[in-house]
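Q: using only what follows, build the 3D model:
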Amino acid sequence: MKTKTINFSNYSSFKMGGSFEVALLDDAQDSWQDYYLIGACNNTLIGNNPPPLMMLSKDFDYITIKENTLHIGGATPSGKIASFCKKNNIANFEFLSHLPGKLGGLVKMNAGLKEYEIFNHLESVTTTSGIYTKDSLEYGYRYTNINEPILEASFHLSHGFDANKVAMFQKMRANQPSTPSAGSCFKNPEGDHAGRLIEAVGLKGFRVGDMAFSHEHANFLVNYGKGKFEDAMWLIEEAQKRVFQKFAIELELEIEILEDEYLKKK
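A: As a prediction, this is how the structure comes out:
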């Protein structure tokens, strides 16, 4: 199996992590069960000792249109999808212009902004074990039950790209920090906001080393330079502890943590 060396301090949106060998999935028949699949690492915290990692090869970076259906490869970046839809006057993907990631990861976590989610216009998902229709999958807020590599997803094709929506999504993201992070650290509990809870327990702007909960948006764990995995984990666990003690709410992670010791405890 082919591999490539990735320096995660350059590759991940956190801008932290060492250099590790990553296996490349070239074919649906390739063995993947012993690996953790990664994409663009826009919502991933890489530890000092990550498990074996795998990513889709560039063979899965494509966009095609067949019979009024949009077919997108799992390794296709969100920016490429947004640009394609703008160029071809395709509707319903405007939110991807402000949502980083690759298609596989976006589908896996049903990514979105407010009520605009990737599953809204999805028709089917192709994984290493076959094709699954939307109705056969479990999905919800930042959740799906897909537990294998997503090679492709197909979507209903509608025309009418809306530049006003792009501007609206840009405004929605305007309060988010530009400092390296992985986006929202925790999922919003039902009827509440993780950022409000983190601020309420005194952790907004709280810094350990070069890691902190942003003073701009408390639910963003940010790296001010040479952030360390240990400091990031301390902040995550401290937020969960304080919020549970004060509000009896268990903050659920939205980011993925790839570190052997952490995964063994799960």
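Q: for Val125, give its distance to Tyr35.
A: Distance from Val125 to Tyr35, counting by CB to CB, to the nearest Å: 19 Å. Glycine gets a C-beta too; all of them are placed from N, C-alpha and C.
Q: please say which of the two ends up with more neighbours.
A: Val125 (26 against 18; other CB atoms under 10 Å).
Q: the strands in the stretch 151-266 of the chain, which residues?
A: Listed in chain order, the strands of the stretch 151-266 of the chain (DSSP state E, counting those that start in this stretch) span 181-184, 207-208, 211-213, 220-223, 256-258.
Q: closest one to Gly17 among those?
A: For these, proximity to Gly17 was assessed by CB to CB; strand 256-258 is nearest, at 9.0 Å.
Q: my guess is His215 contacts Gly205, does it?
A: Yes - His215 lies in contact with Gly205 (CB atoms under 8 Å); the separation is 3.6 Å.
Q: count the neighbours of Glu138 for me.
A: Glu138 - counted by other CB under 10 Å - has 8 other residues nearby.
Q: please tell me how far the residue nearest to it when sequence neighbours are not counted sits from Thr127.
A: Closest residue to Glu138 apart from its sequence neighbours, by CB to CB, 6 or more residues apart in numbering: Asn145 at 4.0 Å. Counting by CB to CB, the gap from Asn145 to Thr127 is 11 Å.
Q: give the buried residues for stretch 247-265.
A: Across stretch 247-265, burial judged by 16 or more other CB atoms under 10 Å covers Leu251, Glu254, Ile255, Glu256, Ile257, Leu258, Glu259, Tyr262.
Q: ditto for stretch 17-32
A: Those would be Gly17, Phe20, Val22, Ala23, Leu24, Leu25, Ala28, Asp30, Trp32, for stretch 17-32 by 16+ other CB under 10 Å.
Q: who touches the helix or strand harbouring the second one?
A: So the one you mean is Phe20. Following DSSP states H and E, one finds Phe20 within strand 19-25. Contacts with strand 19-25, where a contact means CB atoms under 8 Å, 6 or more residues apart in numbering, come from 1-8, 32, 35, 37-38, 46, 50, 52-57, 60, 149.
Q: sorry, back to before: next, give me the two most distant ones among the buried residues of stretch 17-32.
A: Gly17 and Ala28 (28.4 Å).
Q: mind listing what His215 touches?
A: Lys204, Gly205.
Q: rerun that using 10 Å as the cut-off
A: Residues in contact with His215 (CB atoms under 10 Å, 6 or more residues apart in numbering) are Pro177, Thr179, Glu199, Lys204, Gly205, Phe206, Arg207, Val222.
Q: may I ask which of these has the most neighbours?
A: Within the contacts of His215, Val222 tops the neighbour count with 24 neighbours, counted by other CB under 10 Å.
Q: just for this protein, where's the confidence low?
A: 174 (pLDDT under 70).
Q: from Gly202, how far off is Leu96?
A: 35 Å.
Q: which one of these two is surrounded by more residues?
A: Taking other CB under 10 Å, Leu96 and Gly202 do not tie; Leu96 has more neighbours (27 against 11).
Q: wait, the more buried one touches Phe169, no?
A: Yes - at 8.9 Å, Leu96 and Phe169 qualify as touching, with contact defined as CB atoms under 10 Å.
Q: where do the contact lists of those two overlap?
A: Ala82, Leu113, Tyr116.
Q: all set now, cheers.
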